[in-house]
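Engineer: below: sequence and its predicted model.
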Amino acid sequence: MKLISYLLRVSLNDSYYGHVKRVLVVNQQPEDHHYYSLILSDRYQTECTTKVDEACQRLAEEAFSFVLLDISSCSPAECRQQVGLLCARLRRANLVCTGPAEATELVIAAVKSGASHYLSTPVQPAGLLSSLLQLSSQAVGEDTPSYAAPPASSTVVISHQATESTLHGSSQAMRQVRETIALYAQDDASVLIVGDTGTGKELAAKAIHRLSPRQHSPFVPVDCASLPETLAESILFGAEKGAYTDAFQRKGIFEEADSGTVFLDELAELPLCVQAKLLRTVETRRCSRLGSHRQIEFDIRLVSATNARHLQDERLFRPDLLSRLDTLVLELPPLRAHPEDIPELTTHFMNLKRVIKPLASLALEKLQSWHWPCNVRELKNVITRACVLARNKEIIGIDDIQISQLQRWTGYQRTLLG
């Protein structure tokens with residue numbers, strides 16, 4: 001109710017009780033004009049131009065609430081010039097810049113020259129509307145609640161509409177992953193996600209759910225590795241009071257997730273005896289609670305995940321269960337297979353920490369030369385550490401990229417895993 005009340009209040013303020021706010025789009029790509037007009041049409045009047053000087057003229061003639069400037073093709077110097085020209089004529093308007101997520105120097109140039117927000121391209125509708133909503137609330141003197149928009153670390157917010165729950169990467173490999181996810185989301189068959197540690201298996205599962213017709217129903221992740229063997233069956237399928245010592249009546253995960261998606265991570269860690277019951281459950285779409293013979297029907301989408309090296313080990317997997325779960329298979333590439341995404345991922349993780357500073361070229365070379373045995377998760381940890389170490393510096397240098405302290409551990413891990 002708080003969020004509904006907030007949105008209604010800002011909606012009234014946005015229109016000044018009848019006066020619709022206006023957005024001036026400055027973008028060299030005419031095809032983008034229609035895209036932004038479509039996104040903004042429900043809340044804003046939109047005017048588009050391809051030239052900054054024309055935008056300056058329009059700002060002198062008319063009042064706008066927002067200017068959306070694309071700086072994708074600009075150098076940092078050109079960015080500073082264009083942003084400076086527009087800011088000099090903004091009056092009460094806010095300037096929002098759009099450009100590549102990995103273009104750290106452009107971000108800094110835009111922010112220091114007066115931009116209020118920076119949106120990474122391709123701009124997502126939700127991210128754009130959220131940014132304008134946040135700026136609107138600031139303009140009318142309201143505090144933007146945490147559930148409406150992320151807090152800013154300064155007067156400038158870097159909006160990377162892609163959040164931690166998004167699979168990033170512009171490489172062919174990651175584009176193929178996202179295309180496959182979009183395709184699988186429209187079907188209801190079981191999905192098996194295969195990938196090394198840290199490649200983003202749960203993020204992929206969430207994306208499948210978020211794009212599916214079940215998106216408004218529960219998404220229930222289960223870490224099979226953390227399930228106690230003695231309680232795994234009751235947690236998954238439920239239990240009746242007295243089924244075992246100190247047992248109380250409880251619904252299982254499949255009941256709780258009815259109409260939604262269940263994600264079984266680290267499936268190979270599930271005891272074989274529980275895998276047998278899971279097989280029957282997948283086949284019949286029914287299960288019985290521990291201590292009961294009554295069959296309970298449910299309707300869920302099942303997404304599972306495992307490491308590729310486990311697939312052929314019959315000590316870990318029942319082959320008949322595997323054949324039921326791998327109707328659709330999604331393979332996630334290790335980071336070493338798409339190192340061209342490292343700059344983009346690095347910028348994304350810096351944005352998550354609200355860090356706006358350049359990365360030294362030697363630091364980037366160091367990142368790109370590492371083989372990342374723990375993949376994107378390891379990269380995120382390294383960048384998070386670097387942001388802390390460089391907190392009082394103007395630039396993130398090579399000394400802040402402390403991969404070496406991980407070498408002993410990751411080398412030991414590779415020895416164990418083979």
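Structural biologist: Structure's in. What do you need?
Engineer: quick check: residue 398 vs residue 227, distance?
Structural biologist: As judged by C-beta to C-beta, to the nearest Å, residue 398 and residue 227 stand 43 Å apart. Every C-beta, even on glycine, is put in place using the N, C-alpha and C of the backbone.
Engineer: neighbour count: the two, which is higher?
Structural biologist: The neighbour comparison of residue 398 against residue 227 (other C-beta atoms under 10 Å) goes to residue 227, with 20 against 16.
Engineer: what sits closest to that one if chain neighbours are left out?
Structural biologist: residue 235 (5.9 Å; C-beta to C-beta, 6 or more residues apart in numbering).
Engineer: and the one you found, how far is that from residue 286?
Structural biologist: 18 Å.
Engineer: and residue 329, by the same measure?
Structural biologist: Separation of residue 329 from residue 286 (C-beta to C-beta): 25 Å.
Engineer: low-confidence stretches in this protein?
Structural biologist: 1-20, 102, 137-166, 242-248, 313-314, 404-418 (pLDDT under 70).
Engineer: quickly list the domain ranges of it.
Structural biologist: Using automatic domain parsing, the domain ranges for the chain come out as 2-159, 172-331, 337-417.
Engineer: now the helices: where do they sit in the stretch 301-418 of the chain?
Structural biologist: 319-325, 342-352, 361-369, 375-389, 404-417 (DSSP state H, counting those that start in this stretch).
Engineer: what does stretch 222-238 contact?
Structural biologist: By C-beta atoms under 8 Å, 6 or more residues apart in numbering, the residues outside stretch 222-238 that reach it are 243-244, 247, 250-255, 262-271, 273-274, 277-278, 281, 287-290, 296.
Engineer: what do you get if the cut-off is 7 Å, keeping everything else the same?
Structural biologist: Contact with stretch 222-238 is made by 243, 250-255, 262-267, 269-271, 274, 277, 287-290, as judged by C-beta atoms under 7 Å, 6 or more residues apart in numbering.
Engineer: any of those residues buried? List them.
Structural biologist: Buried members of the contacts of stretch 222-238, counted by 16 or more other C-beta atoms under 10 Å: 243, 250, 252-255, 262-267, 269-270, 274, 277, 287-290.
Engineer: among these, which ones are in helices?
Structural biologist: With DSSP state H as the criterion, helices contain 253-255, 274, 277 from among the buried ones among the contacts of stretch 222-238.
Engineer: using JSON lines, lay out the residues you listed together with distance to residue 353.
Structural biologist: Listed next are these as JSON lines, based on distance: C-beta to C-beta, whole Å:
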{"residue": "253", "distance to residue 353": "34"}
{"residue": "254", "distance to residue 353": "38"}
{"residue": "255", "distance to residue 353": "39"}
{"residue": "274", "distance to residue 353": "40"}
{"residue": "277", "distance to residue 353": "44"}
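Engineer: the residues you listed: which two are farthest apart?
Structural biologist: Farthest-apart pair in those is 255 and 274; separation 16.1 Å (C-beta to C-beta).
Engineer: can you map out the helices along the stretch 1-150 of the chain?
Structural biologist: 2-14, 30-40, 52-61, 76-87, 104-113, 125-139.
Engineer: which secondary structure elements does the last one sit against?
Structural biologist: So the one you mean is helix 125-139. Contacts defined by 3 or more C-beta pairs under 7 Å, 6 or more residues apart in numbering; DSSP states H and E place helix 125-139 against helix 2-14, strand 117-120, strand 157-159.
Engineer: that helix: how far from the chain's middle?
Structural biologist: 18 Å (C-alpha atoms, centre = their mean, to the nearest Å).
Engineer: thinking again about what came up before, ok, which of the helices of the stretch 1-150 of the chain comes nearest residue 206?
Structural biologist: helix 125-139 (15.3 Å).
Engineer: what about residue 228, how many residues nearby?
Structural biologist: For residue 228, using other C-beta under 10 Å, the count is 9.
Engineer: where's it, which helix or strand?
Structural biologist: Residue 228 belongs to no helix or strand when assigned by DSSP states H and E.
Engineer: can you list phi and psi of it for me?
Structural biologist: phi -60, psi 140 (degrees, to the nearest 10).
Engineer: how many residues are close by residue 388?
Structural biologist: Based on other C-beta under 10 Å, the number of other residues close to residue 388 is 11.
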